[in-house]
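Undergrad: return atomic coordinates for the entry below.
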Amino acid sequence: MIWVFKTTIKNKRQVKQIAPILNELLVSPSKWNFDLEDCDKILRVENYKIELQEDYLIQRLLIAGYNVEVLE
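TA: Purely as a prediction, here's the structure:
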């Protein structure tokens, strides 16, 4: 499953701050990456963990202090 999110993450320092959260939630071979040059600061997630729901990932990043919205 591939998810694409609009975020308020602005720089590499912030990516490093939430990397442990994303790494904890996602299992190999799942992958994630950011496009910080895009105006929507895109987070792209390839999720292979069936139990993980988009809403839970969004909630965890909200708790960390970042807004995250699903891009259609």
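Undergrad: got a pLDDT number for Trp3?
TA: Trp3 carries a pLDDT value of 94.
Undergrad: what does Leu26 give?
TA: 89.
Undergrad: isn't it right up against Lys49?
TA: Yes. Between Leu26 and Lys49 there is a contact under Cβ atoms under 8 Å: 6.1 Å. Bear in mind the C-beta positions are built from the backbone N, C-alpha and C, glycine included.
Undergrad: between the two, which is the more surrounded one?
TA: Leu26 (18 against 12; other Cβ atoms under 10 Å).
Undergrad: distance check, that one against Trp3.
TA: Using Cβ to Cβ, to the nearest Å, Leu26 is found at 10 Å from Trp3.
Undergrad: residue contacts, Val45?
TA: Applying Cβ atoms under 8 Å, 6 or more residues apart in numbering to Val45 gives the contacts Ile2, Trp3, Val4, Phe5, Leu22, Leu26, Ser30, Lys31, Trp32, Leu57.
Undergrad: so in that sheet, which strands flank the helix or strand hosting it, and in what orientation?
TA: Per DSSP states H and E, Val45 falls inside strand 42-46. Looking at strand 42-46 with DSSP bridges, its partner strands are strand 2-7 (antiparallel), strand 31-35 (antiparallel).
Undergrad: need the CA coordinates for the longest one. PDB is fine.
TA: Listed in PDB are the C-alpha atoms of strand 2-7, where the atom choice follows Å, rounded to 0.1, in the frame of the first residue of the first chain:
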ATOM      1  CA  ILE A   2       1.400   3.400  -0.900                       C
ATOM      2  CA  TRP A   3       0.300   6.500   1.100                       C
ATOM      3  CA  VAL A   4       1.000  10.100   0.200                       C
ATOM      4  CA  PHE A   5       0.700  12.800   2.800                       C
ATOM      5  CA  LYS A   6       0.900  16.600   2.900                       C
ATOM      6  CA  THR A   7       2.900  17.600   6.000                       C
END
